[in-house]
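>>> sequence plus predicted model, see below.
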Number of protein chains: 2
Amino acid sequence: MALIVHKYGGTSMGSTERIKNVAKRVAKWHDAGHQIVVVPSAMSGETNRLIGLAKEIMAQPDPRELDMIASTGEQVSVGLLSMALQAIGKQAVSYAGWQVAIKTDSAHTKARIASIDDAKVKADLDAGKIVIITGFQGVDEKGDITTLGRGGSDTSAVAVAAALKAQECLIYTDVDGVYTTDPRVVSDARRLNTVTFEEMLEMASLGSKVLQIRSVEFAGNYRMPTRVLSSLTDPLMPLEEEANSGTLISFEEDTNMEQATITGIAFNRDEAKITVLGVPDKPGVAYQILGPVADANIEVDMIIQNQSVEGKTDFTFTVPRVEYQKAMEVLEGSVKAHIGATSILGDSKVSKVSVVGVGMRSHVGIASQMFRTLSEEGINIQMISTSEIKISVLIDEKYMELAVRALHKAFGLESA
Amino acid sequence: MALIVHKYGGTSMGSTERIKNVAKRVAKWHDAGHQIVVVPSAMSGETNRLIGLAKEIMAQPDPRELDMIASTGEQVSVGLLSMALQAIGKQAVSYAGWQVAIKTDSAHTKARIASIDDAKVKADLDAGKIVIITGFQGVDEKGDITTLGRGGSDTSAVAVAAALKAQECLIYTDVDGVYTTDPRVVSDARRLNTVTFEEMLEMASLGSKVLQIRSVEFAGNYRMPTRVLSSLTDPLMPLEEEANSGTLISFEEDTNMEQATITGIAFNRDEAKITVLGVPDKPGVAYQILGPVADANIEVDMIIQNQSVEGKTDFTFTVPRVEYQKAMEVLEGSVKAHIGATSILGDSKVSKVSVVGVGMRSHVGIASQMFRTLSEEGINIQMISTSEIKISVLIDEKYMELAVRALHKAFGLESA
């Protein structure tokens, strides 16, 4: 007997029929003697419907009120799933985030989980009940409802699993695991049985959007074994088979000993690049540029500062494409004159492609093979950034798919 | 400056455009220097949609889980209305019932309010904010969400008004006040400027469904002046005019001094009558019949016990038509044999018609005029029950409209 957390996405919860299927699957695990906590998302389309209503009222909805509204989608889901379990003879009880004290900070629409009170949940589990907890949301110190941002149900599930010291957190989704790259781009992409936490972090942050990155961080911080697996299989498939399907994010050091050097090719289509030209090269200037951008809640990804020439330098960074306009306004509005920059250039049609793998640390040849492959395809590299386990390049977005396919092949990642 | 509570029904909240109109009306009151608390219902159709989803999962949904789901409709409403006020430059903040500690008992789907913590709301009002609180719901001692039953937003509004010691509670609805009878039945029915609490209680409980009866009880217990008025008027109509429109439920003893003896004709189409025949006439038998019915949560209205003949009596009572089948099952299942009744008869096609008015206490002629009027129309009276301020008769449902029109005319209630 083990304590297992299941997470189901909006598609799995998309209709009452599908919710009944989720209930069958959950009941199967409970029948096998496990204690089960379920964290479901809102029914697919529901969060968008709610946000749409808010935007009809206010183009830029007040974040606190938006959370009040958006959090209701999951509340409906947990109630329906609890009923579906009761309808097939299980004892089940649902909770909204605030009811099991999922405490967060007050950053509405993108709050972070601070703590969870597990006493109520443990008591229910010990009484033989299946416990269903809303994903995506919590409550701040003032008692206001907060949401964790898109994909936040993954984070909720991992956080709940960590708080309850669950044996494993199973993220049921509409893909059957983590692949060497997106199968929609490379048809012979291969499913990975395991990835390390670090690799998954890079794969997720670089655009392989199987899991929300913060859920991976949570899994890492608490060393919570987390498995991504398909919700589209027969809910009554043998439990043993299901328990070993998908991709396990592992925290065992040696898991990847036998794996290939490169685990996968990640990419992010929706990047934008901003270059501040003719910046005086003196201490504090990077902060003067990026401080106001961060204050505007815009995430900055790659950052490059060129060698200075005659006391002037150029400063380039990337932001999510949706934030591009806002970032340009911040820079043109206050930063440019303040730091005495010559001009600000932007390009919102760039993409990032990365090769990822824990094995690359000791392989100096990876970078050169990557660059040669892109060169052979005639793809110009605009920026480069590296870490212990990845090399990323920024390229014109029109070459993105070509680059991913060429690199996938060059590093021998295709399925046998 | 006064503290005023506004309540808006589902129709008024039915679309984002309508919510913007509600915001305009609320802002007008705030602009005039009043402190305003708003209690809106769910958008029309939303509660039915949510209950429909629940019933797709479970024919008899678990009440606790149903409340979890059904309460979300109002949560969306408060967030949207708060945004609509912010969009026109007002400071506004929304709260779910649990956030302002609307404590109820644990009778899910029909909970009763026990207390409200007004500290948070007062602080917001003093800071110049408009406060919006979910109707229809609260939280029990265990921290579970409860709902108050259909129409519960009226009760919430009056309870909030009482807790805050508001000057007046305005119930905006799709009728423009309380009439001498339903204008759909009698075309020249007249709007009443004031009714006493007792009359309103009878009018509401007898089927003039302008307000939920529990909200009237609340208003009575706390002597909260409550006004029913139209939400369909121009939101920017002069405030003075709006403030005196509709019908005020009054607690001033002399309000009705100059009113006619009879205030109105109430009716309830959806009654059912049950007669238990041949009951031994001994102490405790009424309880043995009605106890199990009450335990099944069926409301009993009129009750008559006939004079006994040879130690046997007949016992007749009415229940809401939707509960008829259930009540019959309870009686046939356990009660009949236990008390040794001869047989149980039922008729689910009866209606109740009542004349209501505080003025009737001292007018013995009212009853005879009522019975003569019905007799002249050839309508047979099946049961009679009386109180200080009303006389009710049960008749065949097919005569209901005829009876209401005849009584309305006989008591001179038509508009001038």
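The structure has been received and is ready for your questions. Residues are numbered from 1 along each chain as shown, chains lettered A, B, ... in the order given.

>>> so which bits of the stretch 251-400 of chain A are right by chain B?
With C-beta under 8 Å from any C-beta of the partner chain as the criterion, the stretch 251-400 of chain A does not meet chain B at any residue. All C-beta atoms are positioned from the backbone trio N, CA, C, and that covers glycine.

>>> the closest residue to A:Q382 other than its chain neighbours in helix, strand or coil?
In this structure, A:Q382 finds its nearest non-sequential neighbour in A:L394, 4.5 Å apart by C-beta to C-beta, 6 or more residues apart in numbering or on different chains. Three-state call for A:L394 (DSSP: H, G, I helix; E, B strand; the rest coil): strand.

>>> A:L394 against A:D301, yeah?
No: applying C-beta atoms under 8 Å as the test, A:L394 and A:D301 come out as separate, 9.3 Å apart.

>>> report the set of residues contacting both of these two.
A:271, A:318, A:352 (C-beta atoms under 8 Å, 6 or more residues apart in numbering or on different chains).

>>> now the residues you listed in TSV, with pLDDT, neighbour count and secondary structure?
Shown next, in TSV, are the shared contacts of A:L394 and A:D301 (pLDDT from 0 to 100; neighbours: other C-beta atoms under 10 Å in any protein chain shown; DSSP: H, G, I helix; E, B strand; the rest coil):
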residue	pLDDT	neighbour count	secondary structure
A:E271	92	25	strand
A:T318	91	26	strand
A:K352	92	26	strand
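
>>> and for the residue nearest to A:Q382, the neighbour number?
Neighbour count of A:L394, defined by other C-beta atoms under 10 Å in any protein chain shown: 24.

>>> ditto for A:S368
Residues near A:S368, counting by other C-beta under 10 Å: 9.

>>> so the residue nearest to A:Q382 bridges to which residues?
Beta-bridge partners of A:L394, counted by DSSP bridges, are A:K352, A:M383.

>>> quick one, helices of the stretch 51-200 of chain A?
Using DSSP state H, counting those that start in this stretch, the helices of the stretch 51-200 of chain A run over residues A:63-70, A:72-87, A:119-126, A:152-163, A:197-205.

>>> show me what the host helix or strand of A:L290 is packed against.
Using DSSP states H and E, A:L290 falls within helix A:285-295. Under the contact definition 3 or more C-beta pairs under 8 Å, 6 or more residues apart in numbering or on different chains; DSSP states H and E, helix A:285-295 sits against strand A:264-280, strand A:303-305, strand A:312-320, helix A:324-330, helix A:336-339.

>>> tell me the most buried of those?
Comparing those by mean neighbour count (mean count of other C-beta atoms under 10 Å in any protein chain shown), strand A:264-280 ranks first with a mean of 22.

>>> distance of the residue nearest to A:Q382 from B:L402?
When C-beta to C-beta, to the nearest Å is applied, the distance between A:L394 and B:L402 equals 83 Å.

>>> OK, contacts around the nearest residue to A:G10 once chain neighbours are set aside?
Nearest non-adjacent residue to A:G10, counting by C-beta to C-beta, 6+ apart: A:S44, 3.7 Å away. The contact partners of A:S44, taken as C-beta under 8 Å, 6+ apart, are A:9-11, A:13-14.

>>> can I assume A:S44 sits in a strand?
No: applying three-state DSSP, one finds A:S44 to be coil, outside a strand.

>>> now it, what are its backbone angles?
phi -60, psi 140 (degrees, to the nearest 10).

>>> so for it, what's the pLDDT?
pLDDT for A:S44: 93.

>>> just A:T255 next, same as before
Reported pLDDT for A:T255: 48.

>>> equivalent analysis for the one 10 residues further on, please.
For A:I265, the model assigns a pLDDT of 92.

>>> touching, it and A:G412? I think so.
No: using C-beta under 8 Å, A:I265 is not in contact with A:G412; the gap is 11.5 Å.

>>> Throw the helices of the stretch 51-200 of chain A into CSV and include mean pLDDT, distance to chain B and mean neighbour count, thanks.
Output for the helices of the stretch 51-200 of chain A, formatted as CSV (pLDDT from 0 to 100; distance: least, C-beta to the nearest C-beta, whole Å; neighbours: other C-beta atoms under 10 Å in any protein chain shown):
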stretch, mean pLDDT, distance to chain B, mean neighbour count
helix A:63-70, 95, 4, 25
helix A:72-87, 97, 4, 28
helix A:119-126, 95, 8, 15
helix A:152-163, 90, 16, 28
helix A:197-205, 77, 30, 25
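
>>> re the thing from before, look up how far A:V276 lies from the residue nearest to A:Q382.
16 Å.

>>> same question for A:V228.
39 Å.

>>> residue in the stretch 101-250 of chain A nearest to chain B?
A:G143 (5.4 Å; C-beta to the nearest C-beta).

>>> that residue: neighbour count?
For A:G143, using other C-beta under 10 Å, the count is 14.

>>> then the one 5 residues further on?
Burial measure for A:L148: 29 neighbouring residues, criterion other C-beta under 10 Å.

>>> can you check the pLDDT for it?
Value for A:L148, per-residue pLDDT: 88.

>>> what are the phi and psi values at it?
Dihedral angles for A:L148 - degrees, to the nearest 10 - are phi -100, psi 0.

>>> do A:R112 as well
phi -120, psi 140.

>>> and if you look at A:S368?
phi -70, psi -40.

>>> any idea how far it lies from A:A410?
11 Å.

>>> which stretches of chain A have low pLDDT?
Low-confidence segments of chain A, defined by pLDDT under 70: A:204-209, A:252-260, A:359, A:361-364, A:416.

>>> domain assignment for it?
What automatic domain parsing lists as the domains of chain A is A:3-253, A:264-410.

>>> tell me which of those domains is the most buried.
domain A:3-253 (a mean of 21).

>>> how far does that domain sit from the chain's center?
12 Å (C-alpha atoms, centre = their mean, to the nearest Å).

>>> just list the residues touching the nearest residue to A:I379 once chain neighbours are set aside, thanks.
Closest residue to A:I379 in three dimensions, ignoring its sequence neighbours and counting by C-beta to C-beta, 6+ apart: A:Y399, at 4.5 Å. Residues near A:Y399 by C-beta under 8 Å, 6+ apart: A:351, A:377, A:379.

>>> try 10 Å
Contact analysis of A:Y399 by C-beta atoms under 10 Å, 6 or more residues apart in numbering or on different chains lists A:350-351, A:353, A:374, A:377-380, A:406.

>>> cool, and A:Q212?
Counting by C-beta under 10 Å, 6+ apart, A:Q212 touches A:148-156, A:158, A:171, A:204, A:218.

>>> got the contact list for the nearest residue to it once chain neighbours are set aside?
In space, and not counting its chain neighbours, A:Q212 is closest to A:G151: 3.3 Å by C-beta to C-beta, 6+ apart. Residues near A:G151 by C-beta under 10 Å, 6+ apart: A:9, A:41, A:135-136, A:204, A:209-215.

>>> a markdown table for these, including secondary structure?
Shown next, in a markdown table, are the contacts of A:G151 (three-state DSSP):
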| residue | secondary structure |
| --- | --- |
| A:G9 | coil |
| A:S41 | coil |
| A:G135 | coil |
| A:F136 | coil |
| A:A204 | helix |
| A:K209 | coil |
| A:V210 | coil |
| A:L211 | coil |
| A:Q212 | coil |
| A:I213 | helix |
| A:R214 | helix |
| A:S215 | helix |
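
>>> turn those into a markdown table, columns for distance to B:H30.
Shown next, in a markdown table, are these (distance: C-beta to C-beta, whole Å):
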| residue | distance to B:H30 |
| --- | --- |
| A:G9 | 42 |
| A:S41 | 38 |
| A:G135 | 37 |
| A:F136 | 33 |
| A:A204 | 47 |
| A:K209 | 44 |
| A:V210 | 48 |
| A:L211 | 46 |
| A:Q212 | 40 |
| A:I213 | 43 |
| A:R214 | 40 |
| A:S215 | 43 |
